[in-house]
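In: Build me a structure from this.
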Amino acid sequence: PRLENFFSLFLGSSVSLNSLQFFKDKDAGWLVQKQRKRAETINRQAFIQCAPERVATALANWLAVPEQERPVERTLLGMLRVSNLFVETEFLSLAQSLEAFGRLRFSEGLISRSEFNEGLELLKELITKTWGKSEISKRCVESLSFANEASYGRRLEQTYDLLSASFAMQLLGDREVFRRTVVQTRNYFTHLGIKKGTAVIDEAKGLFLLNQRLHAFLRCLMLIDLGLAEDSFVPTILSQASRWQ
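Out: Down below sits the predicted model:
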């Protein structure tokens with residue numbers, strides 16, 4: 001699987017290896033992997049059973065849900081349906097991958113660890129003195145423990161800056177607009193029910209096009225991490241990102 005991922009990264013398309021030959025000096029060997037596909041077994045015990053009139057009522061309620069209240073539906077069914085990922089589910093996976101890359105690549109805190117720990121102990125004492133060992137006290141302490149980490153938006157800016165200014169502008173657009181769009185859209189689908197930010201993209205076409213740019217961006221970041229020079233893949237990445245526009 002890792003070899004398939006590697007060649008998928010370089011080829012920009014899903015790769016499934018049927019055979020692979022290894023060479024070392026005069027020795028050679030073959031690695032063959034065969035995959036069997038089978039139809040999904042129907043589990044009738046998972047079916048909901050009720051009277052037809054209840055189904056009719058449920059369907060009427062389903063169709064009556066306003067558009068702005070459907071994120072849970074789209075996100076949940078994007079996971080349950082195994083044919084293709086819904087654009088919302090795909091976006092969340094891409095946003096999570098960007099966060100993971102940022103955490104691995106940029107680990108420094110906002111201030112030094114020793115300075116942070118010293119201040120954290122003082123705040124813990126003050127919180128305990130104010131609220132004792134209550135639930136709100138525990139939650140505040142837990143939240144403060146992560147306060148020295150860079151925000152998701154900051155890590156997006158740091159990954160953006162790995163590209164040259166001209167290439168980043170072509171691929172992702174303005175740095176601040178890109179950060180705000182990804183952060184607000186990610187928060188909207190991660191914390192369903194919160195107020196919708198002005199930069200949120202939630203309509204299918206716009207989210208699909210954003211996903212294509214994020215796919216290209218992540219591929220680009222991985223190639224940079226492998227030591228490839230930017231000028232070796234700029235045309236390919238830009239073509240990938242704009243293919244459906």
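In: Ramachandran coordinates for Glu88?
Out: Main-chain torsions, Glu88, degrees, to the nearest 10: phi -70, psi -40.
In: ok, now how distant is it from Arg186?
Out: Distance, Glu88 to Arg186, by C-beta to C-beta, to the nearest Å: 11 Å. Placement of C-beta: from N, CA and C, glycine included.
In: Check Leu92 too.
Out: In terms of C-beta to C-beta, Leu92 sits 7 Å off from Arg186.
In: Please apply the same query to Phe116.
Out: Distance from Phe116 to Arg186, by C-beta to C-beta: 26 Å.
In: Please apply the same query to Glu90.
Out: Per C-beta to C-beta, Glu90 is found 12 Å from Arg186.
In: next one: Phe86
Out: 15 Å.
In: coming back round to it: which of Phe116 and Arg186 has more residues huddled nearby?
Out: Between Phe116 and Arg186, counting by other C-beta atoms under 10 Å, Arg186 is the more crowded of the two (21 against 17).
In: Spatially nearest residue to that one (excluding sequence neighbours)?
Out: Using C-beta to C-beta, 6 or more residues apart in numbering and skipping the chain neighbours, the partner closest in space to Arg186 is Ala95 (4.3 Å).
In: Counting neighbours, what do you get for that neighbour?
Out: By the criterion of other C-beta under 10 Å, Ala95 has 22 neighbours.
In: Could you do Trp62 as well?
Out: By the measure other C-beta under 10 Å, the count of residues near Trp62 is 10.
In: Could you measure from it over to Phe47?
Out: For Trp62 relative to Phe47 (C-beta to C-beta), the value is 17 Å.
In: Tell me the spacing between the residue of the chain most remote from its centre and Leu20.
Out: In the chain, the residue that sits farthest from the middle, by C-alpha atoms, centre = their mean, is Lys26; the gap is 44.1 Å. Using C-beta to C-beta, Lys26 is found at 19 Å from Leu20.
In: likewise Thr89?
Out: Taking C-beta to C-beta as the measure, Thr89 falls 31 Å from Leu20.
In: Quick check on those two: which one has the bigger neighbour count.
Out: More neighbours surround Thr89 than the other of Thr89 and Leu20, with 19 against 13 (other C-beta under 10 Å).
In: Surely Gly193 forms part of a strand?
Out: No. The assignment for Gly193, made by DSSP: H, G, I helix; E, B strand; the rest coil, is coil rather than a strand.
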